[in-house]
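[1] Just need the structure, nothing else, for what follows:
(2 chains)
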Amino acid sequence: GQSLEQPSEVTAVEGAIVQINCTYQTSGFYGLSWYQQHDGGAPTFLSYNALDGLEETGRFSSFLSRSDSYGYLLLQELQMKDSASYFCAVRAMDSNYQLIWGAGTKLIIKP
Amino acid sequence: DAGITQSPRHKVTETGTPVTLRCHQTENHRYMYWYRQDPGHGLRLIHYSYGVKDTDKGEVSDGYSVSRSKTEDFLLTLESATSSQTSVYFCAISSQLGGTGELFFGEGSRLTVL
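    Here you go, the predicted model:
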């Protein structure tokens, strides 16, 4: 079956760098997405990786290793507004190409 | 921001009553989705649509039905609500299935079934 694993909570200090890992198990992998969700808000798209390597968008980067079924989201120069939950989601053939979501990682940032 | 509105935003109902949630988009996107979000779970797909009158089941479709008679509207119906259907429901839209397949979400509808 399909499964995604990510830490339930990560704590970091303002200005620091934090990495949120995601491992997945699926058949017919297509791509890995990351979404951010603030408390009480809607998820918003951050990044997408279909090929191995690092994708950078401003302070956020996302990495994928297809051979290891692993990816991560890297947040640099953390700001208090980055306090949110972060979800990885996989698109795969065995889910009819629909996204299968991890349970989310709550990022707590301390001053 | 993508033009997606969900209604109602909050609803309290009793077990056994029917409930319909509405999702309306102004983006003319082909794909529309209904998800539910519960603590400890990510988003779980209930149903999705890839065009007018074309819908399919997601991973948690039991107890739910959908209809899409117009491109802009996607309705989610709970024929007989149960307490296990207490959740936050999100509608999402996308213009493509491949590529990034970026989803744009509505603000959510919080449903409480007593």
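[2] With adjacent residues omitted, what lies nearest to the closest residue to chain B within chain A?
    Minimum separation of chain A from chain B (CB to the nearest CB) falls at A:W101, amounting to 3.0 Å. The way it works is simple: take the backbone N, C-alpha and C, and place the C-beta from them, glycine included. Using CB to CB, 6 or more residues apart in numbering or on different chains and skipping residues adjacent in sequence, the residue nearest A:W101 is B:G42, 3.0 Å away.
[3] Residues of chain B that sit close to chain A?
    Within chain B, the residues that sit near chain A (CB under 8 Å from any CB of the partner chain) are B:33, B:40-45, B:48, B:56, B:58-59, B:90, B:97-108.
[4] now these: which count as buried?
    The neighbour count (16 or more other CB atoms under 10 Å in any protein chain shown) marks B:33, B:42-45, B:48, B:58, B:90, B:101-106, B:108 as buried among the residues of chain B next to chain A.
[5] Which residues of chain A lie near chain B?
    So chain A meets chain B at A:4, A:30-31, A:33, A:35, A:41-45, A:48, A:87, A:89, A:91, A:95-104 (CB under 8 Å from any CB).
[6] From what I see, A:G41 and B:G106 are in contact.
    No. With contact defined as CB atoms under 8 Å, A:G41 does not reach B:G106; the gap is 10.9 Å.
[7] Bridged to A:T44, which residues?
    Under the criterion DSSP bridges, A:T44 forms beta bridges with A:Q36.
[8] Not counting sequence-adjacent ones, nearest residue to residue 7?
    This is for chain A. The shortest distance from A:P7 to any non-neighbouring residue, by CB to CB, 6+ apart, is to A:T105 (5.2 Å).
[9] Not quite, go with chain B.
    B:R22 (4.9 Å).
[10] Mind telling me what element the one you found is part of?
    Using DSSP states H and E, B:R22 falls within strand B:19-25.
[11] quick one: strands adjacent to that strand?
    Paired with strand B:19-25 in the same sheet, following DSSP bridges, are strand B:4-7 (antiparallel), strand B:73-78 (antiparallel).
[12] still on that earlier bit, which of the buried ones among the residues of chain B next to chain A fall within strands?
    B:33, B:43-45, B:48, B:90, B:104-105 (DSSP state E).
[13] B:T71 against B:V52, yeah?
    Yes. B:T71 lies in contact with B:V52 (CB under 8 Å); the separation is 5.9 Å.
[14] ok, back up a step: is it possible to export the strands paired with strand B:19-25 to CSV including mean pLDDT, mean neighbour count and distance to A:L73?
    Below are the strands paired with strand B:19-25 laid out as CSV (pLDDT from 0 to 100; neighbours: other CB atoms under 10 Å in any protein chain shown; distance: least, CB to CB, whole Å):
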stretch, mean pLDDT, mean neighbour count, distance to A:L73
strand B:4-7, 97, 18, 24
strand B:73-78, 98, 20, 29
